[in-house]
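1. Starting from these lines, generate the structure:
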Amino acid sequence: MGNAAADGAEQTGGEPPAAEPHTQGRGSRTGPLSHGPGSQHPRTGQPGRIRRVPQSGSGPVLGRALQILGSFSTDHPEMSLSELSRKSGLPVSTVHRMLGELTAWGALERGADGRYRIGLRLWQVGSLAPRSQGLREHAMPFLQDLSQITRENVQLAVREGTELVFVERIAGSGAVPVLTRVGGRFALTATGVGLVLLAHAPVDVQEQVLTGPLEHFTPRTITDPQVLRRLLADIRTNGYAVSERQVTMDSLSVAAPVRDGENTVIAAVSLVVHHGSASPRALAQLVCTSARAISRAMAAPRA
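-> Okay, here's the model as predicted:
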């Protein structure tokens, strides 16, 4: 994807040195823009809807910092100062000032080439998210077993709002390529894990998804709300979901729900294989067995 020409500092091989930590800034009359939770595009990870950040207190400074961090995506994991300014919609001077604080804290890192990337400390903090941390710890042994048995892609996802977030993925040797990554978001209506999570989501979430725009990936993607409603009912009855060539034309995904000690669906696990390489029913037996094992581990009292 093309980028506009670099600014003068970049053309000379560097950018101005980072500013000293700055804790207050003057915002516009309406306040800076910030991307809200779940606002990335479900397939590309690009920023989606935006909201205004309040002007009061530390809102403007925090909003600008989040705006800069939210500019990074799978398509743009590294960016220069001018690129960050264009992506965030903030002036170069503002971005430069904020980058000093973000790099000093460790939220961002600056490479020898002058480009910025997400810092290790931000990753460390993010890994402490309780829904991801405890779930991954309990699920990993069973995900690894499922991967070793099948040599296929194994995925674990949770729902956040009207999207899903992948919290773990194990790629099998020679497995079909997938469009997912750990930490990535995706639509609930096309993947196996997404359909499971949507089938067991609150009614208001289901209605919000089914009455809104439905993402279209292949000619096989189901975008008829009535067909999806019937499919969600079948998933609740059968105990697993099948997504056949709905995301890519060469893939088949089978997923099952993971429950906690109160029998609430908290996640979904799936196998993604080459279409035509195995029957959905045979895959469902393996996936459901793994999902039940993870559920028992999640429900077991902690020592």
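2. Do you have the strands of the stretch 201-303 of the chain handy? List them.
-> 241-244, 251-259, 265-274 (DSSP state E, counting those that start in this stretch).
3. Could you export these as a markdown table, including mean neighbour count?
-> For the C-beta atoms, the positions are set from N, CA and C on the backbone; glycine is no exception. A markdown table is the format used below for the strands of the stretch 201-303 of the chain (neighbours: other CB atoms under 10 Å):
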| stretch | mean neighbour count |
| --- | --- |
| strand 241-244 | 22 |
| strand 251-259 | 27 |
| strand 265-274 | 25 |
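4. could I get these as a markdown table with distance to residue 208 and mean pLDDT?
-> Shown next, in a markdown table, are those (distance: least, CB to CB, whole Å; pLDDT from 0 to 100):
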| stretch | distance to residue 208 | mean pLDDT |
| --- | --- | --- |
| strand 241-244 | 19 | 95 |
| strand 251-259 | 20 | 95 |
| strand 265-274 | 17 | 94 |
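5. Of these, which is nearest residue 122?
-> strand 265-274 (23.4 Å; CB to CB).
6. Now do the helices in the protein.
-> 8-11, 59-69, 81-88, 92-105, 120-126, 130-150, 192-199, 203-210, 225-238, 280-299 (DSSP state H).
7. buried sites along the longest one?
-> Pointing back at helix 130-150 there. Residues 132, 135, 136, 138, 139, 142, 143, 146, 147, 150 are the ones in helix 130-150 that count as buried (16 or more other CB atoms under 10 Å).
8. which residues sit in contact with the closest residue to residue 254 other than its chain neighbours?
-> Among residues not flanking residue 254 along the chain, residue 283 sits closest, at 4.1 Å (CB to CB, 6 or more residues apart in numbering). Contact analysis of residue 283 by CB atoms under 8 Å, 6 or more residues apart in numbering lists 252, 254, 271, 273.
9. distance of residue 83 from residue 72?
-> Separation of residue 83 from residue 72 (CB to CB, to the nearest Å) stands at 10 Å.
10. make that residue 259, sorry
-> From residue 259 to residue 72 the distance is 34 Å (CB to CB).
11. Residue 116 now?
-> Residue 116 sits 8 Å away from residue 72, going by CB to CB.
12. Overlap of the contact sets of these two?
-> Common neighbours of residue 116 and residue 72 (CB under 8 Å, 6+ apart) are residue 79.
13. who's more crowded, the two?
-> residue 116 (26 against 21; other CB atoms under 10 Å).
14. my guess is that one meets residue 82, correct?
-> No. Counting by CB atoms under 8 Å, residue 116 sits too far from residue 82 to count as a contact (11.2 Å).
15. Measure how buried residue 172 is and give me the count.
-> 18.
16. show me the contacts for it.
-> Residue 172 makes contact with 147, 150, 151, 152, 153, 154, according to CB under 8 Å, 6+ apart.
17. what stretches of the stretch 201-303 of the chain score poorly on pLDDT?
-> 302-303 (pLDDT under 70).
18. can you do 80?
-> Along the stretch 201-303 of the chain, the model assigns pLDDT under 80 to residues 300-303.
19. One more: the stretch 1-150 of the chain?
-> For the stretch 1-150 of the chain, the stretches with pLDDT under 80 are 1-60, 73-75, 120-134.
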